[in-house]
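S.K.: compute the structure for the input listed below.
(chains A and B)
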Number of protein chains: 2
Amino acid sequence: MIKESEQNIAHMEYAVRLAKKALGQTHPNPMVGAVIVEGGKVVAEGYHQKSGDKHAEIIALDSYTGTPKADTTLFITLEPCSTEGRTGACTNAIINSGIKHVVIGAVDPNPNHAGAGVKLLESAGISVQVGVLEEACREMNLIFNHWIVENRPLCALKIAMTLDGCMAASTGHSKWITGELARKDVMYWRRLFPAIAVTQNTVSSDNPMLTSRLGDEVSCSRRFVFNRELRDLENYKNYHLFSDEFRSKTIVIYGAKASRDRIEALEGMGIEAWEINESEDKLDMGEFLNRCAEEEISGVFIEPGAKLATHMISNHLADYLYIYQSPKLLMDKKGHSLGRERFSELMDETIQLVDLKRDQFGDDALIRGYLK
Amino acid sequence: MIKESEQNIAHMEYAVRLAKKALGQTHPNPMVGAVIVEGGKVVAEGYHQKSGDKHAEIIALDSYTGTPKADTTLFITLEPCSTEGRTGACTNAIINSGIKHVVIGAVDPNPNHAGAGVKLLESAGISVQVGVLEEACREMNLIFNHWIVENRPLCALKIAMTLDGCMAASTGHSKWITGELARKDVMYWRRLFPAIAVTQNTVSSDNPMLTSRLGDEVSCSRRFVFNRELRDLENYKNYHLFSDEFRSKTIVIYGAKASRDRIEALEGMGIEAWEINESEDKLDMGEFLNRCAEEEISGVFIEPGAKLATHMISNHLADYLYIYQSPKLLMDKKGHSLGRERFSELMDETIQLVDLKRDQFGDDALIRGYLK
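M.R.: This next block holds a predicted model:
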């Protein structure tokens, strides 16, 4: 049974929209959407809402009240799981449903499982088409795709810079490098990531909220503040991060050498905190990411200053980079920019961005990709 | 008489293609294409070939052998001139032709003349439509548009840089920042501009040809070499710029303080040279551009190193910037990048790129615009 490819794309697009209803809510699981189509119409649908809940295809199958016909087709944005997890293998449920056509967006990103679900379905006599709207289906789960393979959080850095690579003027002034549309796009990523992180410098100078404001909806991921020496605690009551309705989501990361009385002061405020080892007067960011992994935090969106960004990129601690670039030149060698820790003799020694995506927000551009 | 707008666009696209047959050959005049359409078909056409030659619309009218019908329409990429130049006002020729419909791409970029041609045609009873494919028609003449308003050459800088703003590693190594497709695009601009310029440093280290190699065609604009102190003359015979078939197009720019014997050595080689004043141990680039203006060189495409680029941008000597940006990070503070001469405290003090255009060449991007 061959369908119009355009129709398939439209149905898969709808499944992606369904999946994204749970934007940022499914970690460490992926976002997945599923629709059952008969006679060109969607007759049942589902999406995965949060970890531990039913998988998308199960919700769609459960709400399907008909009897599969020759053309009944299940569309799923992600290859169904073939192993018994908390919720039972989805491939079994599909086979038992009697549906004979399955269209899949992206295969399982785990190389050990990729294609296994497809094979199981096919060996049960189901026709399977893979790769419809693949890029969108794969890309929306960039955090899960990394987590499931590496068992570590996707560590992403968000940097706004001028064309000549400046993140702030010599005075530290950086409001604003990019325009409103680009800053609005950041809200999407803040919502997608299970955790956001900034330095105490940023808290002290900008007093950010780090919430995601999309339309009328305000959401808030876990919020980390890197404050190695536990500076500026006396002002904590004035900062949004420690006083707003989401204050229980804020976690302070301090160094093992922080003074005892400051640690006690922090504890007295009832603020959650993690102690992390230090190396060369810096927080050991590798240990921080390990701790995130232990806590099943599958991704961290860091909005760093130039120093932290340079340290993390140079030491291969960052996996992914978001560069919001505005068509301006600061032209100031004393401005804050990347690059204090490396010394490169040749252009071949550059760090590459791969699986590159570009977007435009007014005159600003977003360039993002994995660091390789 | 109203025509299908899509048809109009197609005819104007053809006129633009005609105009671009003279890519880079019409300076200081604009590229202009014209077609006469009857019954939906092109029955006559023309394009301006070089300064002093007939204007595009005149060539089209001259080759038109019919008698204008009710639907006969003249398409011109640029508003026809209404003043008597070397070739007579084109508006008169159009009025005398008996053609009653004119479609124009872009209006005259000279604010003193813009719309004058349209008015003359309209007052002669001709219906005029303006702005079909306007952006393409305007944009192809970015050099002329600047020249005719400012009476100075469009001074453009071409810079290839990494995402973090590096133009070369600390060793000077810069081959290659961008990929083949981006480097191929440079050939288009080298062909468009009437003059290209590099520093002696570039000649000594890269021995460039600075020709434009588009397909099988090799062309060569005027080539300037900035060599303030007339260094490295002993190697000139080995460099392409002074030995290839286009060597008569190479002009050396030296400073007024260059030593007498070096100037004589250069003269002995039969190489054309311009003496330019110096200020603060630099060539006075303003004077250089004035001299270009005197010689009716309407645009210079400079491929500078970081120092010259910084000097020209900081001192508002450059009008236009081409940034070829590759998705790499050099992360080396000792790398060569823009920005030695300015000190900016605030983000508002940035230099903006306006009338921004973005293109992609593989993973690389071109960002270009006027410096404001």
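S.K.: from here on, contacts and neighbour counts on C-alpha atoms
M.R.: OK.
S.K.: which element follows the helix ranked longest in chain A toward the C-terminus?
M.R.: Identified as the longest helix of chain A according to DSSP state H is helix A:5-19. Going down the chain from helix A:5-19, the next helix or strand is strand A:33-38, by DSSP states H and E.
S.K.: now that following strand - C-alpha only, CSV.
M.R.: Output in CSV follows, covering the C-alpha atoms of strand A:33-38 (Å, rounded to 0.1, in the frame of the first residue of the first chain):
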residue,chain,number,x,y,z
GLY,A,33,4.3,11.7,18.9
ALA,A,34,2.1,9.1,17.2
VAL,A,35,-1.0,9.1,15.0
ILE,A,36,-3.2,6.4,13.5
VAL,A,37,-4.5,7.3,10.0
GLU,A,38,-7.3,5.6,8.1
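S.K.: each with direction, which strands does that strand pair with?
M.R.: strand A:41-47 (antiparallel), strand A:73-78 (antiparallel) (DSSP bridges).
S.K.: quick one: low-confidence parts of the stretch 51-200 of chain A?
M.R.: Residue ranges of the stretch 51-200 of chain A with pLDDT under 70: A:84-88.
S.K.: can you tell if stretch A:153-164 touches chain B?
M.R.: Yes: residues of stretch A:153-164 contacting chain B under Cα under 8 Å from any Cα of the partner chain: A:L163, A:D164.
S.K.: highest mean neighbour count out of the strands paired with strand A:33-38?
M.R.: strand A:73-78 (a mean of 29; mean count of other Cα atoms under 10 Å in any protein chain shown).
S.K.: neighbouring contacts of it?
M.R.: A:11-12, A:15-16, A:19, A:32-38, A:56-57, A:99-108, A:137-138 (Cα atoms under 8 Å, 6 or more residues apart in numbering or on different chains).
S.K.: how about A:T178, what does it touch?
M.R.: A:A160, A:M161, A:Y324, A:Q325, A:S326, A:D364.
S.K.: tell me the spacing between it and A:L289.
M.R.: According to Cα to Cα, to the nearest Å, A:T178 and A:L289 sit 29 Å apart.
S.K.: now swap in A:N29 and tell me
M.R.: From A:N29 over to A:L289 (counting by Cα to Cα), the distance is 18 Å.
S.K.: any chance of the strands paired with strand A:33-38 in CSV, plus distance to B:S51?
M.R.: As requested, the strands paired with strand A:33-38 are arranged in CSV below (distance: least, Cα to Cα, whole Å):
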stretch, distance to B:S51
strand A:41-47, 64
strand A:73-78, 60
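S.K.: okay, and A:S205 sits in which element?
M.R.: Counting by DSSP H and E, A:S205 is found in helix A:200-206.
S.K.: give me the neighbour count for A:I95.
M.R.: 17 (other Cα atoms under 10 Å in any protein chain shown).
S.K.: quick one, helices of the stretch 201-350 of chain A?
M.R.: A:240-243, A:260-268, A:285-294, A:306-314 (DSSP state H, counting those that start in this stretch).
S.K.: ok, which of these comes nearest chain B?
M.R.: helix A:306-314 (7.4 Å; Cα to the nearest Cα).
S.K.: distance from that closest one to the middle of the chain?
M.R.: 20 Å (Cα atoms, centre = their mean, to the nearest Å).
S.K.: so that helix versus helix A:285-294, what angle?
M.R.: 80 degrees (axes from the mean of the first three to the mean of the last three Cα atoms, to 10 degrees).
S.K.: mean confidence score for helix A:306-314?
M.R.: Averaged across helix A:306-314, the pLDDT comes to 92.
S.K.: for it, buried residues please.
M.R.: By 16 or more other Cα atoms under 10 Å in any protein chain shown, the buried positions in helix A:306-314 come out as A:A306, A:L308, A:A309, A:T310, A:H311, A:M312, A:I313, A:S314.
S.K.: contacting chain B as well, which ones from these?
M.R.: Okay, of the buried residues of helix A:306-314 touching chain B (Cα under 8 Å from any Cα), that's A:T310, A:S314.
S.K.: so can I have CSV of the buried residues of helix A:306-314 showing distance to A:D232?
M.R.: Putting these into CSV (distance: Cα to Cα, whole Å) gives the following:
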residue, distance to A:D232
A:A306, 20
A:L308, 19
A:A309, 22
A:T310, 24
A:H311, 23
A:M312, 24
A:I313, 27
A:S314, 28
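S.K.: hang on, the earlier thing: distance from the chain centre to the longest helix of chain A, please.
M.R.: Relative to its chain's centre, helix A:5-19 lies at 22 Å (Cα atoms, centre = their mean).
S.K.: other SSEs contacting that helix?
M.R.: Using 3 or more Cα pairs under 8 Å, 6 or more residues apart in numbering or on different chains; DSSP states H and E as the contact test, the elements touching helix A:5-19 are strand A:33-38, strand A:41-47, strand A:73-78.
S.K.: of these, which is nearest A:K282?
M.R.: strand A:73-78 (40.0 Å; Cα to Cα).
S.K.: which element follows that closest one toward the C-terminus?
M.R.: helix A:90-97.
S.K.: that following helix versus strand A:73-78: what angle between them?
M.R.: Using the same axes, to 10 degrees, helix A:90-97 lies at 180 degrees relative to strand A:73-78.
S.K.: what sits up against helix A:90-97?
M.R.: Contacts of helix A:90-97 (Cα under 8 Å, 6+ apart): A:55, A:57-58, A:61, A:68, A:80-82, A:117, A:120-121, A:124, A:126.
S.K.: pLDDT wise, what is A:G215 at?
M.R.: 86.
S.K.: quick check on the nearest residue to A:G117 once chain neighbours are set aside: phi, psi?
M.R.: Leaving aside its sequence neighbours, A:G117 sits nearest to A:S82 (Cα to Cα, 6 or more residues apart in numbering or on different chains; 5.0 Å). Here is the backbone geometry of A:S82 (degrees, to the nearest 10): phi -110, psi 0.
S.K.: residue contacts, A:S82?
M.R.: Per Cα under 8 Å, 6+ apart, neighbours of A:S82: A:A89, A:C90, A:T91, A:N92, A:H113, A:A116, A:G117, A:L120.
S.K.: need the buried ones from these selected in ChimeraX.
M.R.: Here is the ChimeraX command that selects the buried residues among the contacts of A:S82 (16+ other Cα under 10 Å):
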select /A:89,90,91,92,116,117,120
